[in-house]
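*Asks:* fold the following.
(chains A and B)
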Amino acid sequence: MAKLRTGRMLGRSRWGNFIMFSLLILCGAFMVLPIVYSILQSFKPLNEINLFPPRFFVTRPTLSNYGKLFQLSANLWVPFSRYVFNSVFVSVVVTALNVIIASMCAYPLAKYTFPGSKLIFRTIVVALLFSSQVTYIPQYVLLSKMGMINTYWAMILPPLASTLGLYLMRQYMIAIPDSLMEAAKLDGAGEYRIFWQIIMPNVKPAWLTLMIFSFQAVWNSSNNTYIYKEQLKTLPTVMSQLAAGGVARVGVGAASSVILMLPPVLLFVFTQTNIIDTMATSGMKD
Amino acid sequence: MSTIRAHKPSLAREIWKNRHLYLLMAPFLLVFTVFIIIPIIVSVVLSLTDFNMLQSPSFVGLDNYIRMFLDDDVFIVAVRNTLIFAVLTGPVSYLLCFFLAWMINDLPPKFRWVLTLLFYAPALASNIFYIWTYIFSGDMYGLVNSTLIQLGIIMEPIQWLTDSTYVMFVIILVQLWMSLGTGFLAFIAGLQSVDTALFEAGAIDGIRNRWQQLWYITLPVMKPMLMFGAVMQISTSFSVSAVPMTLAGFPSTDNAAATVVSHMIDHGILRYEMGYASSIAVLLFIVMVLFKDAIGKLLGQD
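*Replies:* The predicted model follows:
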């Protein structure tokens, strides 16, 4: 097969093919089965969840868990829709701001050398190492000194400082030919216009990637300790409360996790090609 | 950066000339400084103090660091567990990322697309890992326990998540499950962008099988991507905390599933020992940077 498709590909023995496909199928099953199990759980009526021995598949699927999720809101302190609003609001604001400020910063770093440019870029690369968990404690001290605990700011500002998006954007922008910028300069365009009208439209895959990464990170994160007010909590926090609610809540917990999973997965489905395109320039050369 | 000093371009003038560029960078750099740089500096300072958030910090010198290594048994467990993730699980998942990317690279685009989605899904929907609590539930209703009981392999249900013999095994498994993340995508992209002319040239130069092709052509070309993947791997390996805290409980039974980050959260958020928690953070920063440099050397970068 491989030989026919492309002359350059070196063939693999039949055994090689067999082993490769078996491995891929095994790994694929390992990756996907827990997710499938989670989805199936969300459609199980209570008596199937409590069944012994537990079954993987659902025999009489029901939507009652999803219904309960919304009824449950009456028992919670605030309506379920408030958590949905919080999650959507924070994710959308962070994603939009992140794409804008990270791109604005990436452009000079990609296309110019100026006093400090090397130092700034090196610092950004080192900061790639420090995930939000690692900087959690010092950020907590800072946020509380600034009076931001229990505000939307505590959810919006720290993720904006993440450097992954900026790094990917900068690496992608390097590949944009300088001739495009020079032509615009001859026409008398200033730096800002070049950035908005020449560079940004040309890096669409990169900003779609930034959108996904940033949305996914914020949507999935539960800043338990930055936020204590029930009205400000987001879906992941509620989900973990539901999941900890014992056997009666298993189905509802699963339903909420399925709802939580959908947006990032759908976004990725629609943008995968662009993301792979962007990651092709993600290499770290120095 | 060609500073040939013909007519001494003063730094101030250079900066003024580039003012538009600085202005473009200003918003990000401001947020970055406030939420990354300052916290790091603050934690270095606080690590030398005793600080409970209520009273002002009092200077204690290196006491926190001494306590960490001589006086805190849980910290030693946390370091051991974190090193398991950094030195064993990390490299395994790094290799897994690379080999899966390599294997699906030859498939027709449609299959590649689907498999990429499937492999990336656990990282993408990261909250769904809670489902493993039901799979490895300690009672007979757990999927693993009931299967093993029915097969007659075990008689009594195993306390996967509270027994210190098994809990790390489960966490490693789940961590591997979630590990096909950003680095994996970078490898897929990198493999696709390897110039095919190189393979033709390689074939002429006597490359006979796929392993040789991988070793002599693909890997060298992908070095920058491998470095990026390594940085992502270090970042996740050292910050493992959500999975053990959710699956094994927090704090876990006998602290068997403590990691450096969960230990830091324990002291910082639960006990308000911010000075001590900061010293743990500082140690993490230093070790992570050292790891990055070591891997950089290994991959032959400056």
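*Asks:* next one: phi and psi at residue A:210?
*Replies:* phi -60, psi -40 (degrees, to the nearest 10).
*Asks:* quick one: the strands in chain B?
*Replies:* Using DSSP state E, the strands found in chain B span residues B:49-50, B:58-59.
*Asks:* longest helix anywhere in the chain?
*Replies:* Going with chain A. helix A:80-111 (DSSP state H).
*Asks:* actually it's chain B I care about, not the one you picked
*Replies:* Identified as the longest helix of chain B according to DSSP H is helix B:274-298.
*Asks:* check which residues of that one are buried.
*Replies:* B:274-285, B:287-288, B:291-292, B:295-296 (16 or more other C-beta atoms under 10 Å in any protein chain shown). C-beta coordinates here come from the backbone N, C-alpha and C atoms, glycine included.
*Asks:* what's the answer for stretch B:183-203, then?
*Replies:* By neighbour count with 16+ other C-beta under 10 Å, stretch B:183-203 contains the buried residues B:183-191, B:193-194, B:198-199, B:202.
*Asks:* who touches that stretch?
*Replies:* Residues outside stretch B:183-203 that contact it (C-beta atoms under 8 Å, 6 or more residues apart in numbering or on different chains) are A:6, A:8-10, A:275-280, A:282-283, B:94, B:97-98, B:100-102, B:104-105, B:112, B:116, B:119-120, B:123, B:207, B:212-213, B:216-218, B:221-222, B:225-226, B:228-230, B:232-233.
*Asks:* ok, stretch B:148-165 next?
*Replies:* Stretch B:148-165 has contacts (C-beta under 8 Å, 6+ apart) with A:53, B:133, B:136-140, B:142, B:144-145, B:166-167, B:170, B:247-249, B:252-254, B:256.
*Asks:* quick one: low-confidence parts of the chain?
*Replies:* Picked chain A for this. A:1-12, A:72-77, A:223-224, A:243-247, A:286 (pLDDT under 70).
*Asks:* looking at chain B here, not the other one
*Replies:* Looking at chain B by pLDDT under 70, you get B:1-8, B:301-302.
*Asks:* let's see 80
*Replies:* B:1-9, B:300-302 (pLDDT under 80).
*Asks:* tally of neighbours for the closest residue to chain A within it?
*Replies:* Closest contact between chain B and chain A, by C-beta to the nearest C-beta, is at residue B:224 (2.6 Å). Residue B:224 has 19 neighbours, counted by other C-beta atoms under 10 Å in any protein chain shown.
*Asks:* any idea how far it lies from residue A:50?
*Replies:* To residue A:50, residue B:224 is 53 Å away according to C-beta to C-beta, to the nearest Å.
*Asks:* what do you get for residue B:61?
*Replies:* Computed as C-beta to C-beta, the residue B:61 to residue A:50 distance reads 58 Å.
*Asks:* who in the stretch 201-302 of chain B is up against chain A?
*Replies:* B:203, B:207-210, B:213, B:222-225, B:227-228, B:231-232, B:234-236, B:238-239, B:241-242, B:246, B:261, B:264-265, B:268-269, B:274, B:277-278, B:280-281, B:284-285, B:288-289, B:292, B:301-302 (C-beta under 8 Å from any C-beta of the partner chain).
*Asks:* centroid-nearest residue for the chain?
*Replies:* Just going to use chain A. residue A:216 (1.9 Å; C-alpha atoms, centre = their mean).
*Asks:* my bad, the chain I had in mind was chain B
*Replies:* Within chain B, and using C-alpha atoms, centre = their mean, the residue nearest to the centre is residue B:236, at 1.4 Å.
*Asks:* which residues touch that one?
*Replies:* Applying C-beta under 8 Å, 6+ apart, we find residue B:236 in contact with A:131, B:90, B:179, B:181.
*Asks:* surely the last one touches residue B:120?
*Replies:* By that I understand residue B:181. Yes: applying C-beta atoms under 8 Å, one finds residue B:181 in contact with residue B:120, separated by 7.3 Å.
*Asks:* pretty sure residue B:228 contacts residue A:283?
*Replies:* Yes: counting by C-beta under 8 Å, residue B:228 touches residue A:283, with 5.9 Å between them.
*Asks:* mind checking which of the two has more residues around it?
*Replies:* residue B:228 (26 against 20).
*Asks:* which residues does the closest residue to the more buried one other than its chain neighbours contact?
*Replies:* Closest residue to residue B:228 apart from its sequence neighbours, by C-beta to C-beta, 6 or more residues apart in numbering or on different chains: residue A:284 at 4.5 Å. The neighbours of residue A:284, taking C-beta under 8 Å, 6+ apart as the test, are A:125, B:224-225, B:227-228, B:231, B:301.
*Asks:* and residue A:282, by the same measure?
*Replies:* With contact set as C-beta under 8 Å, 6+ apart, residue A:282 has these partners: A:167-168, A:171, B:186, B:189-190, B:225, B:228.
*Asks:* cool, residue B:265 as well?
*Replies:* Shown in contact with residue B:265 (C-beta under 8 Å, 6+ apart): A:136-137, A:225, B:241, B:245, B:250, B:277.
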